[in-house]
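In: sharing a model prediction with you, sequence too.
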Amino acid sequence: MNILKPFLCLAVLLAGLDAFSLQAFAQFKELVNYKGHTDGVKCVAFSPDGKSIASGAADNLLRVWNPANGKEIFVAVGHKAPLWAVTYSPNGKWIATGGDDKTIRIWDSSNGKDLQLLQGHQRSVGDLAFSPDGKFLVSASNDYTFKVWDTSTWKETIPFRDHGNWVSTAQFSSNGKNILTASYDESIRIFDARLGDQLKKWKAHSDWVTAAQYSPDGKSIVSSGGDKFLKLWNTEGTQMKSFEGHTDVIRTVSFSPDGRVLASGGGDNVVKIWDVSSGKLIIDLKGHTMEILQVAFSPDGSHVASASNDGTVKIWDLRPILNKR
């Protein structure tokens with residue numbers, strides 16, 4: 001009887017799972033484990049068409065590769081220090097990167113040609129995002145500032161108000177009219193993208209706000225913090241929901257393209273997938289051995305990529321979840 005006990009326990013566990021959970025239990029593992037970098041991977045982004053992935057790391061390199069098989073497309077050399085930010089332009093023609101060398105570089109996404117060098121930040125550049133029309137690029141920095149750059153001239157536009165600490169996130173609203181920022185000063189702020197005026201500010205976490213993002217419809221904002229919480233807000237700064245489950249600082253959070261699911265990761269080395277409407281955890285994706293710095297959804301929402309200090313980018317297939325929703 002003692003010999004059978006472990007098997008009986010497993011049978012009881014599986015009996016308590018529904019058909020969807022059994023499918024997820026059986027199928028969830030990474031599809032691709034990209035090991036091209038030689039040091040911790042800090043940032044990752046899918047191209048708008050989903051056919052390539054850009055990742056940046058502490059090896060100072062931008063690597064662009066095929067998410068279907070992990071095969072390298074090109075390696076771009078130019079930064080003199082670790083990369084912390086990477087993003088594609090909406091039309092997919094450019095890749096923007098930022099890093100500890102205080103610079104932003106613009107690359108041709110087809111071949112890795114270095115097109116433009118943007119200088120102006122006094123410390124590391126930790127986040128980048130293009131406006132929906134591609135006419136502007138916003139950058140967030142540890143120098144307590146964020147800057148907006150005109151992509152027709154690559155010149156800085158109007159100055160914006162400084163934060164009281166590192167700016168961890170800067171991104172445009174879906175209509176391009178506002179800019180959302182998050183900071184280690186524990187606040188979230190919203191600015192008028194054209195005039196530079198601060199429209200909203202609220203205390204979002206009891207520790208660093210490590211990341212924030214508008215929902216695809218622009219009606220809500222999700223934030224992650226050093227306090228181990230994810231929080232969902234309306235655009236007026238009223239908290240609508242809290243997501244609890246991480247056991248260490250949460251470094252990154254992202255909405256799926258349809259806004260129904262969240263992915264998050266951080267110091268506990270686990271990617272968590274959440275249901276936005278209920279606030280419940282759907283599944284833990286385990287496999288990384290060190291802190292997760294960024295997660296990113298594919299354009300169709302079927303996959304999520306996770307970048308980690310363990311030197312890898314993993315791609316996870318979410319279709320076992322999505323097909324049952």
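Out: Nice, thanks for sending it over. Residues are numbered from 1 along each chain as shown.

In: so which residues of this structure form helices?
Out: Taking DSSP state H, the helices of the chain run over residues 5-15, 19-27, 319-322.

In: and the last one, what does it pack onto?
Out: Translated: helix 319-322. helix 19-27 (3 or more Cβ pairs under 8 Å, 6 or more residues apart in numbering; DSSP states H and E). C-beta: built from backbone N, CA, C; applies to glycine.

In: swap the cut-off to 10 Å and go again
Out: helix 19-27, strand 281-286 (3 or more Cβ pairs under 10 Å, 6 or more residues apart in numbering; DSSP states H and E).

In: weakest of these in terms of mean pLDDT?
Out: When the helices and strands packed on helix 319-322 are compared by mean pLDDT, helix 19-27 comes last with a mean of 37.

In: count of neighbours near Thr247?
Out: Counted with other Cβ atoms under 10 Å, residues neighbouring Thr247 total 11.

In: err, Pro216, not the other one
Out: Pro216: 15 surrounding residues under other Cβ under 10 Å.

In: that one: what's it in contact with?
Out: Ser174, Phe255, Ser256, Pro257, Asp258, Gly259, Arg260, Gly301 (Cβ atoms under 10 Å, 6 or more residues apart in numbering).

In: look up how far Leu285 lies from the last one.
Out: It refers to Gly301. Gly301 sits 15 Å away from Leu285, going by Cβ to Cβ, to the nearest Å.

In: ok, those two, which is more surrounded?
Out: Using other Cβ under 10 Å, the more surrounded residue of Gly301 and Leu285 is Leu285, with 23 against 18.

In: who's the more buried one bridged to?
Out: According to DSSP bridges, the residues that bridge with Leu285 are Val271.

In: ok, it touching Ile273?
Out: Yes - the pair Leu285 / Ile273 is scored as a contact, 6.8 Å apart, by Cβ atoms under 10 Å.

In: overlap of the contact sets of those two?
Out: Phe28, Ala263, Val295, Val304, Trp316, Leu318.

In: ok, so of those residues, who is nearest Leu118?
Out: Among the shared contacts of Leu285 and Ile273, Val295 lies closest to Leu118 (Cβ to Cβ), at 25.7 Å.

In: hang on, that closest one packs against Trp274?
Out: No - here Val295 does not reach Trp274: they are 11.5 Å apart, not a contact under Cβ under 10 Å.

In: list residues touching both of these two?
Out: Val253, Leu262, Ala263, Ser264.

In: among these, which pair sits farthest apart?
Out: Val253 and Ala263 (7.1 Å).
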